[in-house]
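Novice: okay, here's the prediction I keep looking at, along with the sequence it came from:
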Amino acid sequence: MTIQRILQVILVAIVLMVAFSLLVFLLRIGTALLGFGLKILLLLLIVAAILRFFELLAQKRRY
């Protein structure tokens, strides 16, 4: 193996390590955002259900 081939292999290994590290970082951020998004969605669904309940109460009082 020549020195140029060894340097190419080392460079490919470094690029793969950086790519893998970036992927892991993005997956961690995505997981955190997904959990945060699910909590917000749940809160919005609860608020929508409460508003619908009060709307039904107001309609019932009118009739």
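Specialist: Ah, there it is.
Novice: neighbours of residue 41, just the number please.
Specialist: 10 (other CB atoms under 10 Å). Heads up, the C-betas are built off the backbone N, CA and C, glycines and all.
Novice: next: residue 50.
Specialist: 10.
Novice: what do you get for residue 56?
Specialist: Residues lying near residue 56 (other CB under 10 Å) number 10.
Novice: what of residue 21?
Specialist: Neighbours of residue 21 (other CB under 10 Å): 10.
Novice: now the one 3 residues further on
Specialist: Residue 24 has 10 neighbours, counted by other CB under 10 Å.
Novice: what does the one 3 residues further on give?
Specialist: Taking other CB under 10 Å as the neighbour definition, residue 27 ends up with a count of 10.
Novice: just the mean pLDDT for the host helix or strand of it, thanks.
Specialist: Using DSSP states H and E, residue 27 sits within helix 3-62. The pLDDT scores in helix 3-62 average 94.
Novice: any idea how far that helix is from the middle of the chain?
Specialist: Taking CA atoms, centre = their mean, to the nearest Å, one finds helix 3-62 lying 1 Å from the centre of the chain it belongs to.
Novice: how about stretch 50-63?
Specialist: The chain centre lies 36 Å from the centre of stretch 50-63; the measure is CA atoms, centre = their mean.
Novice: dump that stretch to CSV, restricted to CA.
Specialist: The C-alpha trace of stretch 50-63 is given here as CSV (Å, rounded to 0.1, in the frame of the first residue of the first chain):
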residue,chain,number,x,y,z
ILE,A,50,-62.4,22.5,26.7
LEU,A,51,-63.4,25.3,24.2
ARG,A,52,-65.8,22.9,22.5
PHE,A,53,-67.4,21.9,25.8
PHE,A,54,-68.0,25.6,26.7
GLU,A,55,-69.4,26.1,23.2
LEU,A,56,-71.9,23.3,23.7
LEU,A,57,-72.9,24.7,27.1
ALA,A,58,-73.5,28.1,25.5
GLN,A,59,-75.6,26.5,22.7
LYS,A,60,-77.6,24.6,25.3
ARG,A,61,-78.4,27.7,27.3
ARG,A,62,-79.7,29.5,24.2
TYR,A,63,-82.3,26.9,23.4
